[in-house]
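**Student:** The sequence and its predicted three-dimensional model are supplied below.
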Amino acid sequence: MNIEFSGKIIFWRGPSPFYFVAVPAKQSREIKAISKLATYGWGVIPVHVQIGKTQFTTSLFPKDGKYLVPIKAIVRKAEKIDKRDMVSVRLVVRL
């Protein structure tokens, strides 16, 4: 499954600060429909992601009916991403 979307970076301050971008509701529903084929536990979904020229692997986290894409520090630095920036995301769900 290939998905493309744009979204605003979300900063989560928690005990271990992290940056995310939310998958829109429609695409999140599509991912949820195949989640049992893709998840390796706890509802997380392995994906291959591209933001700008940077490609990386990670896992989507379910949150409030949507999925969050965690943005690694190395990706933020390479693409000069900061909180509240808009980014274009391409992701491939790994089945």
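**Tutor:** Right, received. Where do you want to start?

**Student:** From residue 2, how far out is the most centrally placed residue in the chain?
**Tutor:** Centroid-nearest residue in the chain: residue 69, 1.6 Å away (criterion: C-alpha atoms, centre = their mean). According to C-beta to C-beta, to the nearest Å, residue 69 and residue 2 sit 14 Å apart. Just so you know, the C-beta spots here come from the backbone N, C-alpha and C atoms, and that holds for glycine as well.

**Student:** Mean confidence (pLDDT) on the lengthiest helix in the chain, please.
**Tutor:** For the chain, the helix with the greatest residue count under DSSP state H is helix 25-38. Mean per-residue pLDDT for helix 25-38: 95.

**Student:** could you pull out the strands for the protein?
**Tutor:** 2-12, 18-22, 45-51, 54-63, 66-71, 86-93 (DSSP state E).

**Student:** what's the most buried one of the ones you listed?
**Tutor:** strand 66-71 (a mean of 22; mean count of other C-beta atoms under 10 Å).

**Student:** low-scoring stretches of the chain, by residue?
**Tutor:** Judged by pLDDT under 70, the chain has no weakly predicted residues.

**Student:** Quick check on the residue in it sticking out farthest from the centre: phi, psi?
**Tutor:** Centroid-distance maximum for the chain: residue 15 at 19.8 Å, with C-alpha atoms, centre = their mean. Main-chain dihedrals, residue 15, degrees, to the nearest 10: phi -60, psi -30.

**Student:** Please consider this matter closed, and thank you.
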